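S.K.: turn this into a structure:
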Amino acid sequence: MTHIQPASIGERAKMLVPGFVLVMLLLGLGSAVSSLFGKSARWVEPPVAATPAERVLGPVASKVMVGENQGVTGAFVGETYVVANISQPRATFTALAPLPGGAGDFRITARVAVADTQAPDGGAGVVFAHDRQTGAYMAAAIMGDGSVSVFESSPDSFSQTATIKTDGMVRPGFNEMVVTRIAGEVSIKVNGQNVTTHSGGYLAMSDEAGLFANGLGRFTFESFRPQMRAVKSTGRNAMNADSYDTLLARAGALQGAGDLDGALAAFDRALTLEPDRGDGWRAKALALAGAGRFEESLTVLSHGVRVAPNDDRMAGLYITNLREIGRKEDAFAEGQRVIARAGRSIWVLKAVADTWRDRGEYAQAVRHYDRGLAIAPQDTMLMNGKATALFLSRDYAGAAALYERVITLRPGDFTAWLNLAYAHDNLGDREKARAAYGQALAIRPENADALEGRASAAASRADAAIYLSRLEPIDPARAAAARARIVL
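M.R.: Below you'll find the predicted structure:
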């Protein structure tokens, strides 16, 4: 049997870069900032509640937009807002609307209860950053197992990037979650306890927030109260046109619009203001990597890891970039050095697992992916990495099961569908392979890998001819080679 390689390795690895870059760009670590809000802070209060919806959701209620609901809906029950999900194991519900006052410093207070959970990883909380252009968002949730998790969602992945569990932090019934943003840095508290912090240009430019629920269960929101702090005309804050955070946000917007040169200039201006901020170096490196300029990205990261030696995401990206330019032994050595310090970072664990996979040490790779999944069980990057390691060790059934888990979380994940098709192809199940290729082509109709794969798994010559005719104008040489190879 000819063993078909998964789409996440070899030449096909290039298709994973944009998703990886976007995911990595969305998140970063910051310092605790909640202490900056004190009695002297000036606030612009939300409008006086006039309806049950406003009493529960505040200004969000007037323009609620349902995002990735996957068939799950929310509704008002008396004076609470309830998301009842009894049938969609991995469904995600979001209700988003503009923050009062737009971008700037804010505090969101939500009282939420997680009940009737049929899985410990079901939870609900607050979407605290949302990019309307791409649909990407970040959220914090109180989970059914008593932990608090931070999620990020992008067009290519859904990741559980942090999970914190402290005895007594989450109580039965309603719990209060407070998310505070100052100058692009976010802190999260639950029932008065500090949970975690995040920072980065993405947060600085986001001007929407809302509700979040994920998994099976009944999630009840008793209140959702956004508050805006009046922003001074000078000083370091997200509304200052010349501030570090606004320049970082502008760089992200320029990058999204395809103006890489403008984005790099904005990154440079931001880093001139605050050269010791690791998130800026990381964001600039990601922009370069997204353009395939890995050598330049590595130069930026080399400086970034010196500036912010404890930035785990930077460390993971540095290892990944070493791999991308072919320095795989250097990547492995760096991974072994960093993991001694950051053995519970999912970014480092994934990067190190990838280096073991490069060496053909698939059992070691799987062990490191599993360590990451024990921390973040819904992280699709880790699942995809583990599935690829299983595939390369010819455990096609195990790989297929993991790709299916990814798809339940991210039904639009093209690479997972394509790799699932390859796994079924290698298992000899052409019917399932055809179905998976079909799903991949529904997402990317002109993808040459999916067209060739679907032709190879065809049920008849006529069936194969349909897909080869679609492949021919895209890659004539490849279509000709496939015609000569395919035997039905």
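
S.K.: what is the longest strand of the chain by residue count?
M.R.: Secondary structure of the chain per DSSP state E: the longest strand is strand 217-229.

S.K.: show me what it is packed against.
M.R.: Applying 3 or more CB pairs under 8 Å, 6 or more residues apart in numbering; DSSP states H and E, one finds that strand 217-229 makes contact with strand 43-44, helix 52-57, strand 80-85, strand 106-115, strand 123-130, strand 174-182, strand 208-214. Every residue, glycine included, has its C-beta placed from N, CA and C.

S.K.: shaky segments in the stretch 101-250 of the chain?
M.R.: Within the stretch 101-250 of the chain, the segments meeting pLDDT under 70 span 101-104, 116-121, 133-134, 155-157, 183-184, 198-207, 228-242, 245, 249.

S.K.: returning to what we had before: make CSV out of the helices and strands packed on strand 217-229 and add mean neighbour count.
M.R.: As requested, the helices and strands packed on strand 217-229 are arranged in CSV below (neighbours: other CB atoms under 10 Å):
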stretch, mean neighbour count
strand 43-44, 12
helix 52-57, 19
strand 80-85, 22
strand 106-115, 22
strand 123-130, 27
strand 174-182, 22
strand 208-214, 27
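
S.K.: burial check on Gln193, number of neighbours?
M.R.: As a burial measure, Gln193 scores 13 neighbours (other CB atoms under 10 Å).

S.K.: give the full set of residues in contact with the closest residue to it other than its chain neighbours.
M.R.: Distance criterion CB to CB, 6 or more residues apart in numbering; nearest residue to Gln193, sequence neighbours excluded, is Met169 at 5.3 Å. Applying CB atoms under 8 Å, 6 or more residues apart in numbering to Met169 gives the contacts 146, 148, 190-191, 193, 195.

S.K.: the helices and strands packed on strand 217-229: which one's closest to Pro445?
M.R.: Nearest of the helices and strands packed on strand 217-229 to Pro445, taken as CB to CB: strand 123-130 at 28.6 Å.

S.K.: just the C-alpha atoms of the closest one, please, in CSV.
M.R.: This file holds the C-alpha atoms of strand 123-130, laid out as CSV (Å, rounded to 0.1, in the frame of the first residue of the first chain):
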residue,chain,number,x,y,z
GLY,A,123,-18.2,26.1,31.1
ALA,A,124,-19.3,29.7,30.6
GLY,A,125,-18.0,33.2,31.1
VAL,A,126,-16.9,36.3,29.2
VAL,A,127,-15.7,37.0,25.7
PHE,A,128,-13.2,39.8,26.5
ALA,A,129,-11.7,40.4,23.0
HIS,A,130,-13.2,40.0,19.6
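
S.K.: tell me the strands beside it, with direction?
M.R.: Strand 123-130 pairs in its sheet with strand 137-143 (antiparallel), strand 208-214 (antiparallel), by DSSP bridges.

S.K.: distance to Ala363 added to the helices and strands packed on strand 217-229, as CSV?
M.R.: What follows is the helices and strands packed on strand 217-229, written out as CSV (distance: least, CB to CB, whole Å):
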stretch, distance to Ala363
strand 43-44, 55
helix 52-57, 49
strand 80-85, 37
strand 106-115, 37
strand 123-130, 32
strand 174-182, 40
strand 208-214, 31
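
S.K.: by contact count, what packs against the helix or strand hosting Asn426?
M.R.: In the assignment (DSSP states H and E), Asn426 maps to helix 414-427. If you count contacts as 3+ CB pairs under 8 Å, 6+ apart, helix 414-427 packs onto helix 380-392, helix 396-409, helix 430-443, helix 448-456.

S.K.: how about the ones you listed in JSON lines, adding mean pLDDT, distance to Glu296 and mean neighbour count?
M.R.: Converted to JSON lines, the helices and strands packed on helix 414-427 look like this (pLDDT from 0 to 100; distance: least, CB to CB, whole Å; neighbours: other CB atoms under 10 Å):
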{"stretch": "helix 380-392", "mean pLDDT": "94", "distance to Glu296": "24", "mean neighbour count": "26"}
{"stretch": "helix 396-409", "mean pLDDT": "92", "distance to Glu296": "31", "mean neighbour count": "21"}
{"stretch": "helix 430-443", "mean pLDDT": "95", "distance to Glu296": "31", "mean neighbour count": "19"}
{"stretch": "helix 448-456", "mean pLDDT": "95", "distance to Glu296": "28", "mean neighbour count": "24"}
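
S.K.: with distance to Arg313 added, can I get those in a markdown table?
M.R.: Below are those laid out as a markdown table (distance: least, CB to CB, whole Å):
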| stretch | distance to Arg313 |
| --- | --- |
| helix 380-392 | 12 |
| helix 396-409 | 21 |
| helix 430-443 | 28 |
| helix 448-456 | 29 |
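
S.K.: so which of those helices comes closest to Ala91?
M.R.: Of the helices and strands packed on helix 414-427, nearest to Ala91 by CB to CB is helix 396-409, at 9.2 Å.

S.K.: ok so the residue nearest to Gln193 is a helix residue?
M.R.: No - Met169 is assigned coil when assessed by DSSP: H, G, I helix; E, B strand; the rest coil, not a helix.

S.K.: can you give me the distance of it to Ile319?
M.R.: 32 Å (CB to CB, to the nearest Å).

S.K.: what about Ile86, distance to Arg410?
M.R.: Applying CB to CB to Ile86 and Arg410 gives a distance of 22 Å.

S.K.: for Ala265, report the pLDDT, please.
M.R.: Ala265 is assigned a predicted lDDT (pLDDT) of 92.

S.K.: let's have the chain start at 578 instead
M.R.: Sure, I'll start counting at 578 from here, so that last one is Ala842.

S.K.: for it, give its distance to Arg827.
M.R.: Taken as CB to CB, the span from Ala842 to Arg827 is 10 Å.
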